[in-house]
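# 3D model of this:
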Amino acid sequence: MLTIAIASLSGGQGKTTASLMLGRLLSRQGYPTLLIDADPQHNLTTYLDLELQTNQPTLLEFLKKSVSAENSIYPSEGNENLFLIPADDQLDTIQDYLSNSGVGATLLKRRLEPIANTFKVCIIDAPPQRSQICLTVLGAADSLIIPAEASVKGYGSLVRTLDLLRTLQDIGATDAQVMGVLPFRDRWIGNTQTHESRAAVDGMRDEVGEALILPSIRESERYKQAINRRSTLSDLGYPELEYPFAVLIDKISKLAKAKKKKTKS
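Residues are numbered from 1 along each chain as shown. This is a model prediction of the structure:
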């Protein structure tokens, strides 16, 4: 299983949008895909229309190992290859548990090991804060996708996220490498990119290099429509807006094959 964290250390950077769109497209292409909602705001769980009862297990119980992994995983309605470990408001209470466990940064990785052969891809929607939950998400990841708004705020979020990743790499808490930076809400007027968006994306390019800058998600209400209708952009008649995710799926396919080959050898 290839584990991908979608992380950015500010709110409103497109993490949940990217997680949901990518998960839906991967599942439709035949990849058994596990989504993990690791954000206490639990927007991913809400967007997948999962209404949890008070006694139903979530990521909180999965991390504490108070239930089996299978009991924490829920199928996504209408997507036979898409599954979810959900979150709710109680996820915030895991912070002290992770901090006091002594293995907080590697705990999620360990919990995922028993189900590693069940799924081809695992996508984790990380919280937008430098928290214990974020640390364990990055610790579990093989690769990192960083959505960043095409703005000054987005550029700052990218820099902070890279700084955290490098810190964890330096102490051996994660082996994750950046798969790509996904500019989000890239603003264009007609065929002209706005000055702010262009300056922000240029700054991102300076930080990570041209090869890691993915095609932008342009500012469009179509993404919100696809989420609200529980559909894909292609289903709505806008396949061109899925291009950034098509590029990502190609990268994911190659990484998944390389990991499988490495595991066999």
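# OK, contacts around residue 37?
Neighbouring residues of residue 37 by Cβ atoms under 8 Å, 6 or more residues apart in numbering: 43, 44, 45, 59, 84, 85, 86, 87, 125. C-beta coordinates here come from the backbone N, C-alpha and C atoms, glycine included.
# let me see the backbone angles for it.
Backbone geometry at residue 37, expressed as degrees, to the nearest 10, gives phi -90, psi 100.
# now the strands for the stretch 151-265 of the chain?
177-186, 188-189, 192-193, 217-218 (DSSP state E, counting those that start in this stretch).
# and residue 36, that one's in a helix?
No: using DSSP: H, G, I helix; E, B strand; the rest coil, the assignment for residue 36 is strand, not a helix.
# where's it relative to residue 126, distance?
Relative to residue 126, residue 36 is positioned 9 Å away (Cβ to Cβ, to the nearest Å).
# output the strands of the stretch 151-265 of the chain as JSON lines; include the columns distance to residue 80 and mean neighbour count.
As requested, these are exported to JSON lines (distance: least, Cβ to Cβ, whole Å; neighbours: other Cβ atoms under 10 Å):
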{"stretch": "strand 177-186", "distance to residue 80": "26", "mean neighbour count": "22"}
{"stretch": "strand 188-189", "distance to residue 80": "36", "mean neighbour count": "11"}
{"stretch": "strand 192-193", "distance to residue 80": "39", "mean neighbour count": "13"}
{"stretch": "strand 217-218", "distance to residue 80": "26", "mean neighbour count": "22"}
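# in a markdown table: the ones you listed, plus distance to residue 96 and mean pLDDT.
Supplementary listing: the strands of the stretch 151-265 of the chain in a markdown table, determined by distance: least, Cβ to Cβ, whole Å; pLDDT from 0 to 100:
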| stretch | distance to residue 96 | mean pLDDT |
| --- | --- | --- |
| strand 177-186 | 30 | 95 |
| strand 188-189 | 45 | 87 |
| strand 192-193 | 45 | 88 |
| strand 217-218 | 36 | 88 |
